[in-house]
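Student: give me a model of this one.
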Amino acid sequence: MQGTVRCAYRPFAPDPKGPCLCGSGMRYKVCCSTRLPGQNNGVRWKRFAKEQRWTEMIRHLRADVTQYTIWHLSHTAPAVANRPELRHAYLMNLDIEALSDYVESLMWGYARKGWLGGLPATLNRLKTNIDDPRWLAKIAYQRGICALWQHDREQAAREIAAFQPITPDQQEVDLLQIHLDLHGQAMGISERISFFDAIRTRSKSRSDKLQYGGARAFEILLTSDDAGARAAFGDVLTLGRVMEEEKPFNATCQIWFAKALEGLAVLDNDATLFTEIDDRLSRLVIDPIELGALGCANVWRLLGDARRYAGHHDAAIDAYRASIALEAASELRTFEAECELRRGNPDTAFRLLRSIAIDALEAPQRADHAFTSFYVALARGDRQSLLDARELLKAVVTPQPYFENRRLQHIITIGDALEALDDKAALPPLGPLLSALERVSRYVQLQPNWNGLGIDGNAMIDDFLANAQERLKALADRTPIYPDA
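Tutor: This next block holds a predicted model:
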């Protein structure tokens, strides 16, 4: 049965002295009992979020979780108990997805309040809100995201271990995404593409379709199949333009669409597309109603990337500096150094690179730094710079074969350059190497940022805010009208 399930109304009443259904760990009578929103779920917390009143926001989100759980236990749970075949009917599916959305928003509130340490226990208490394996999968995913926010990838893997093996046949999109976050770099290209395809076709999220469609196109580009990549980017952009005509993009969709535009713009060196990217992203920072400070910093960073690939190096430097002013990010100095190199200032670029604390960089950022150090050292023709760059290249890891081949070739090129210095001969030309660098967006150059949102906890937190309006509208459209409990 796939239509609306009708059953007798049997209101569920929480035990006043029992644990509250919101997962707080407090008793119901001192937690959510006086704040239940009735039929107006998902309304009040948004106002407090906009005002950055995080405690009030959390209280109302807790009440939303409690209210929806009461509805579920009053209607859907009794119906499924009487008729087990209804477990996969419309109402059960809706309850799992809707309550999961409320819990995700609650997670975002906890993160903004600085209560990340308490989130795993809160999520653990929510396991019993819905008696269904799919709900347990949602909780496992969300606990995995908490671990990623804390930069504990091993714990994240343990959270979803009970659901392994996770293959592209897995129907829970959340599990596909976090598995890709955790294990995507160990996959071959064809396996990664199969996960991208599974997510973009099964997810109902517009931003997922743009994000993973773009990821698929970039993976094809990394196989040196320019024609296939061009077609894949074209498919994403066609879909995105249809989506945007139907309903304006929120900030997250706008960002992923801009990244897909960037892929095609870089591939074809298309000035018109670069202009469109700049216009779209500039609007987000001019009127950042959907973005917090971290979100604005991320958009400035994306603007810097797009401008750098468009060859607008002065404007790119301005964008990177605007990003750093909002959120300190020493890795952006690497890209500022590349811009200075392209402006003909290798010594300035060298000083910028030397100012970066390499030990503080994450592995992908170190790889970006090593590549740029190589280009700068070759441009300067300085023996010690070349030797230092070679050691940096030897030490870094580049999982993608496309860039691993280039890393090894750059090490060889440094050897050739050192021999040329000994022989007082001309150094290998820098121009062709920089042209090769321009071919691919930084998003897949070395950093696995396309593989879901779990890699960057701050980005994920801001995505919750960016998606709030769209998620609330979706919930309003699909939430059944239950009597007040």
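Student: domain ranges for the protein?
Tutor: In terms of domains, the chain is parsed into 1-131+467-485, 144-198, 205-319, 330-451 (source: automatic domain parsing).
Student: the last one - what's its average pLDDT?
Tutor: Right, domain 330-451. Over the span of domain 330-451, the pLDDT mean works out to 80.
Student: need the phi and psi values for residue 89.
Tutor: The phi/psi pair for residue 89 (degrees, to the nearest 10) reads phi -80, psi 180.
Student: which SSE is the nearest residue to residue 32 once chain neighbours are set aside in?
Tutor: Counting by C-beta to C-beta, 6 or more residues apart in numbering, residue 66 is the residue found nearest to residue 32 once chain neighbours are left out, at 4.1 Å. All C-beta spots, glycine's among them, are computed from the backbone N, C-alpha and C. If you go by DSSP states H and E, residue 66 is part of helix 54-74.
Student: got it, and residue 424?
Tutor: Using DSSP H and E, no helix or strand contains residue 424.
Student: if I look at it, how far off is residue 374?
Tutor: Distance, residue 424 to residue 374, using C-beta to C-beta, to the nearest Å: 22 Å.
Student: neighbour count winner among these two?
Tutor: Neighbour count, other C-beta atoms under 10 Å: between residue 424 and residue 374, residue 374 has more, with 26 against 6.
Student: that one in helix, strand or coil?
Tutor: helix (DSSP: H, G, I helix; E, B strand; the rest coil).
Student: can you get me a residue count around the residue lying closest to it once chain neighbours are set aside?
Tutor: Excluding the flanking residues, the one nearest residue 374 by C-beta to C-beta, 6+ apart is residue 389, at 4.5 Å. Residue 389: 27 surrounding residues under other C-beta under 10 Å.
Student: which helix or strand lies directly C-terminal to the helix or strand residue 389 falls within?
Tutor: Assigned by DSSP H and E, residue 389 belongs to helix 383-395. Downstream of helix 383-395, the next assigned helix or strand under DSSP H and E is helix 401-422.
Student: got the angle for that following helix vs helix 383-395?
Tutor: Calculated by axes from the mean of the first three to the mean of the last three C-alpha atoms, to 10 degrees, helix 401-422 forms an angle of 160 degrees with helix 383-395.
Student: now helix 401-422: buried residues?
Tutor: 402-403, 406-407, 410, 413-414, 417 (16 or more other C-beta atoms under 10 Å).
Student: same thing with stretch 200-215?
Tutor: By 16+ other C-beta under 10 Å, the buried positions in stretch 200-215 come out as 200, 202-203, 205-215.
Student: same thing with stretch 37-53?
Tutor: In stretch 37-53, counting by 16+ other C-beta under 10 Å, buried: 37, 41-42, 44-46, 48-49.
Student: could these be laid out in a markdown table, adding pLDDT?
Tutor: Shown next, in a markdown table, are those (pLDDT from 0 to 100):
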| residue | pLDDT |
| --- | --- |
| 37 | 82 |
| 41 | 72 |
| 42 | 69 |
| 44 | 80 |
| 45 | 81 |
| 46 | 78 |
| 48 | 81 |
| 49 | 76 |
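Student: between those, which is closest to residue 281?
Tutor: The shortest approach to residue 281 among those belongs to residue 49, at 23.3 Å (C-beta to C-beta).
Student: which helix or strand contains that closest one?
Tutor: Per DSSP H and E: helix 44-50 holds residue 49.
Student: that helix - contacts with which helices or strands?
Tutor: helix 54-74, helix 90-113, helix 457-478 (3 or more C-beta pairs under 8 Å, 6 or more residues apart in numbering; DSSP states H and E).
Student: returning to that earlier point: okay, the buried residues of stretch 37-53 in CSV with distance to residue 334 next?
Tutor: Listed next are the buried residues of stretch 37-53 as CSV, based on distance: C-beta to C-beta, whole Å:
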residue, distance to residue 334
37, 48
41, 45
42, 42
44, 44
45, 39
46, 38
48, 39
49, 34
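Student: just curious, which of those is nearest to residue 130?
Tutor: Using C-beta to C-beta, the buried residues of stretch 37-53 come closest to residue 130 at residue 41, 15.7 Å.
Student: and the gap between the closest residue to the closest one other than its chain neighbours and residue 24?
Tutor: Closest residue to residue 41 apart from its sequence neighbours, by C-beta to C-beta, 6+ apart: residue 64 at 5.0 Å. Separation of residue 64 from residue 24 (C-beta to C-beta): 13 Å.
Student: so for these two, which sits in the more crowded spot?
Tutor: Comparing residue 64 with residue 24 by neighbour count (other C-beta under 10 Å), the higher total belongs to residue 64, at 29 against 22.
Student: is it true that that one touches residue 40?
Tutor: No - using C-beta atoms under 8 Å, residue 64 is not in contact with residue 40; the gap is 9.2 Å.
Student: what about residue 13, how many neighbours?
Tutor: With other C-beta under 10 Å as criterion, residue 13 counts 10.
Student: quick check: pLDDT value at it.
Tutor: Looking at residue 13, the pLDDT reads 88.
Student: quick one, phi/psi of it?
Tutor: phi -120, psi 120.
Student: now the one 3 residues further on
Tutor: Backbone torsions for residue 16, taken as degrees, to the nearest 10, come to phi -60, psi -30.
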